[in-house]
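[1] Sequence and computational prediction follow.
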Amino acid sequence: MAKVLIVDDEVGIRDWLSEILEDEGYRVATAANGSEGQQKLAEFAPEAILLDIWMPDCDGITLLKQWQSEMGSALPPVIMISGHATIETAVEATHHGAYGFLEKPISMQKLLDVLKKAIDRYRAQPKAETPLTVTRVPRPLAPVIDALNAKLQHDHAALLYFPEPFYEQWLLRHLGEGQHTVWLTTETPPLSVDQVKQWRSHLVFANLGERANRMLAKNLSFLYQYAAVHQVRLIAAIRAWDAFAQWRPLVGEKLARVWEDPIVVPKRDESIALGTLVQEALEAELGQPLAWPEEAKRTIERIALDAEWTLDAWTQALLPLATEDRLDPAAIERALQRNQPENVSTLFALPLKEAREAFERLYLERLLARTDLPVQRLADLAGLERTHFYRKLRQLGLSLRRKEEDDA
């Protein structure tokens, strides 16, 4: 239901316009003068304004100029109304940004036609996008998010290159905070304009695997054609930069040109203690500072000597302990040991076929523990097509029932 603000000092005109518009399904707010109009504009957030030119405290042209200087392109369309204005006044109003001019007595049909066109145009205009923000982001990732916001504002698309996986899952998971998000995968059916319209102001993610996929590339190219119009922002991630050569000819020249200059996510900086990085990541997860003793951080550093974990794996393992006022190093060690994989050395005692099967089961069980991810994302992480992913789970006797219910 569209919202219209009427600013006119004549109570009869306000009531008459309100009655007509409410009968036509509009939501209406009214103001008797310029100061009331200023207040209602802020409170009511109209999609169109009917503004009288001649009012006792402030004339409509002056009010229009003030709104234009304050709001610029964010100002809803303003339609001037008057029973005494000259052609010169109408021209001046248009010069200062008025959408149109209606002379009193106002024709009801003309009023409705002008309002519909004004509101349709206003709704079609690009709206300001919410910048990507991650609360208390680990220090090495702050420049990445700044660069990502700048790139998306300019191009509506960005490619994140992860030379190593340490930050990948953590960053991709947190970039969607406060955003409407969608994942494009190799299983996504061909997109339509109507589908892209439904994703207006959404953040769309995609993973570019080591092998280019034609359907995914076609959808990425199609989506990018309409990204600016519908305020869709596209973020793709790639691990193997050499693979971009396969994707480049498939995603279209415009998108490929944008992605030729990727945002490189830094490798883990050994000069920053892992305990500090994990603490900052957990603070981002919880949205609050944590007071950790140095002994707890040293415990993490010691265990890390035998554990090649990503930042996301560390965060998920320690999250249940993160709200404690004082972390017990022994509790940290127990939590991390519970999340450690079985000793791989035991696999060497098995024949090759059985060892491979045991490792695949261990690998997939750890993936299935990620209950925050949809099935298709798990398949992408495993480097398998979704149908092959299901087949492998059945072959190993693993259940996906809980994840399927989450996806439903």
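    Right, received. Where do you want to start? No experiment lies behind these values; they were computed from the predicted model shown.

[2] burial count for Tyr167?
    For Tyr167, the neighbour count with other CB atoms under 10 Å is 24. Where C-beta positions appear, they are placed from N, C-alpha and C, glycine not excepted.

[3] What of Gln198?
    Number of residues near Gln198 (other CB under 10 Å) recorded here: 11.

[4] Could you check the pLDDT of it?
    Model confidence at Gln198, given as pLDDT, is 84.

[5] For it, give its distance to Val232.
    10 Å (CB to CB, to the nearest Å).

[6] for Arg386, same thing?
    24 Å.

[7] before we move on, what about Gly60?
    37 Å.

[8] what bits of the stretch 51-200 of the chain have low per-residue confidence?
    By pLDDT under 70, the low-scoring segments of the stretch 51-200 of the chain are 70-74, 85-87, 125-130, 135.

[9] can you give me the helices for it?
    In the stretch 51-200 of the chain, the helices defined using DSSP state H, counting those that start in this stretch lie at 60-71, 87-95, 108-124, 142-155, 168-175, 193-198.

[10] Just send these back as TSV, with distance to Trp309 too.
    Shown next, in TSV, are these (distance: least, CB to CB, whole Å):
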stretch	distance to Trp309
helix 60-71	49
helix 87-95	63
helix 108-124	47
helix 142-155	20
helix 168-175	11
helix 193-198	38
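
[11] who wins for proximity to Trp54 among those helices?
    helix 60-71 (7.2 Å; CB to CB).

[12] List the buried residues of the closest one.
    Buried residues in helix 60-71, counted by 16 or more other CB atoms under 10 Å: Gly60, Ile61, Leu63, Leu64, Lys65, Trp67.

[13] just checking, what packs against it?
    In terms of contacts (3 or more CB pairs under 8 Å, 6 or more residues apart in numbering; DSSP states H and E), helix 60-71 is packed against helix 34-44, strand 48-52, strand 78-82, helix 87-95.

[14] can I see the domain layout of the protein?
    Here the domain parsing of the chain from automatic domain parsing is 3-124, 139-264, 276-339, 344-407.

[15] okay, the helices of the stretch 51-200 of the chain, which one's buried deepest?
    By mean neighbour count, with neighbours taken as mean count of other CB atoms under 10 Å, helix 168-175 ranks first of those at a mean of 21.

[16] And the contacts of it?
    By CB atoms under 8 Å, 6 or more residues apart in numbering, the list of residues contacting helix 168-175 from outside reads 132, 134, 137, 141, 144-145, 148, 160, 162, 203, 205, 235, 237, 239, 265, 281, 284, 310-313, 315, 372.

[17] Swap in 10 Å and give it another go.
    The contact list for helix 168-175 (CB atoms under 10 Å, 6 or more residues apart in numbering) reads 132-135, 137-138, 141, 144-145, 148, 160, 162, 181, 183, 203, 205, 207, 235, 237, 239, 265, 277, 281, 284-285, 310-316, 370, 372-373, 377, 381.

[18] how about that helix as CSV, C-alpha atoms only?
    This file holds the C-alpha atoms of helix 168-175, laid out as CSV (Å, rounded to 0.1, in the frame of the first residue of the first chain):
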residue,chain,number,x,y,z
GLU,A,168,37.4,-18.4,4.1
GLN,A,169,34.5,-20.0,5.9
TRP,A,170,34.5,-17.6,8.8
LEU,A,171,34.5,-14.5,6.5
LEU,A,172,31.8,-15.8,4.1
ARG,A,173,29.6,-16.7,7.0
HIS,A,174,29.9,-13.3,8.6
LEU,A,175,29.5,-11.2,5.4
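
[19] distance between that helix and the chain's centre?
    The chain centre lies 12 Å from the centre of helix 168-175; the measure is CA atoms, centre = their mean, to the nearest Å.

[20] that older thread, let me know which of the helices and strands packed on helix 60-71 is tucked in deepest.
    Taking mean count of other CB under 10 Å, strand 48-52 is the most buried of the helices and strands packed on helix 60-71, at a mean of 27.

[21] The helix or strand hosting Thr30 pairs with which strands?
    Per DSSP states H and E: Thr30 is located in strand 27-31. If you go by DSSP bridges, strand 27-31 pairs up with strand 3-7 (parallel).

[22] Count the neighbours of Gly383 for me.
    Based on other CB under 10 Å, the number of other residues close to Gly383 is 11.

[23] Now do the contacts for it.
    Counting by CB under 10 Å, 6+ apart, Gly383 touches Gly209, Glu210, Arg211, Phe389.

[24] Among those residues, which one has the most neighbours?
    Busiest of those [other CB under 10 Å] is Phe389, holding 21 neighbours.

[25] Could you tell me whether it really is in a helix?
    Yes. Per DSSP: H, G, I helix; E, B strand; the rest coil, Phe389 lies within a helix segment.

[26] I figured it hits Leu378, correct?
    Yes. Counting by CB atoms under 10 Å, Phe389 does reach Leu378; the two are 6.9 Å apart.

[27] residues shared between the contacts of these two?
    When contacts are counted by CB under 10 Å, 6+ apart, Phe389 and Leu378 have Leu364, Leu367, Leu400 as shared neighbours.

[28] Would you check that the last one makes contact with Arg391?
    No. Contact status for Leu400 versus Arg391: not in contact, 11.5 Å apart, counting by CB under 10 Å.

[29] Compare those two (neighbour count), which wins?
    The neighbour comparison of Leu400 against Arg391 (other CB under 10 Å) goes to Leu400, with 17 against 12.
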